[in-house]
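Q: Need coordinates for the following:
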Amino acid sequence: MLTFLYYFQVCSGGLTNQKIVKPAETSNWTEHLIRLKISSAYPSETIQNMLRVRILEMPWIVSDGSTALKLTRDESGNYLAEIHLHLLRPEMAVKTEENLQVFVREVFA
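A: Residues are numbered from 1 along each chain as shown. Model (predicted):
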């Protein structure tokens, strides 16, 4: 009966708009800070939303709600994004930073 119910929920869309996440082992998380300079040609809300989506697309980032994104302006008027996040493994820090730098160059240049 349980198998049928599970099958029915999956096939009938019972899991639509649901997140199914296996929690990561918290003792292995690595905190990382990334700073990015972004053109002020876009509204800050747009930049924040696009960065959040991009961050959530990376499966090695722990999406437990602890990711923090702060935008400020520098003396030339550009945005400075400061992103605090947790990674599943320390060696993913460089990959994450490079990935976000390429994203910023391609999207906000």
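
Q: how near is the most centrally placed residue in the chain to residue 67?
A: Taking CA atoms, centre = their mean, the centroid of the chain lies closest to residue 55, which sits 2.0 Å from it. As judged by CB to CB, to the nearest Å, residue 55 and residue 67 stand 6 Å apart. C-betas here are computed from N, CA, C, even on glycine.

Q: In the longest helix seen in the chain, which residues are buried?
A: Longest helix of the chain, by residue count under DSSP state H: helix 92-108. Judged by neighbour count using 16 or more other CB atoms under 10 Å, the buried positions of helix 92-108 are 92, 93, 96, 97, 99, 100, 103, 104, 108.

Q: With distance to residue 78 and pLDDT added, can I get those in CSV?
A: Below are these laid out as CSV (distance: CB to CB, whole Å; pLDDT from 0 to 100):
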residue, distance to residue 78, pLDDT
92, 27, 91
93, 24, 92
96, 21, 95
97, 18, 95
99, 20, 96
100, 16, 97
103, 16, 97
104, 11, 96
108, 10, 92
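
Q: Run through the strands of the protein in chain order.
A: Applying DSSP state E to the chain gives strands spanning 30-38, 68-73, 79-87.

Q: ok now stretch 54-72, how far from the chain's centre?
A: Remark: stretch 54-72 is offset 3 Å from the chain centroid, using CA atoms, centre = their mean, to the nearest Å.
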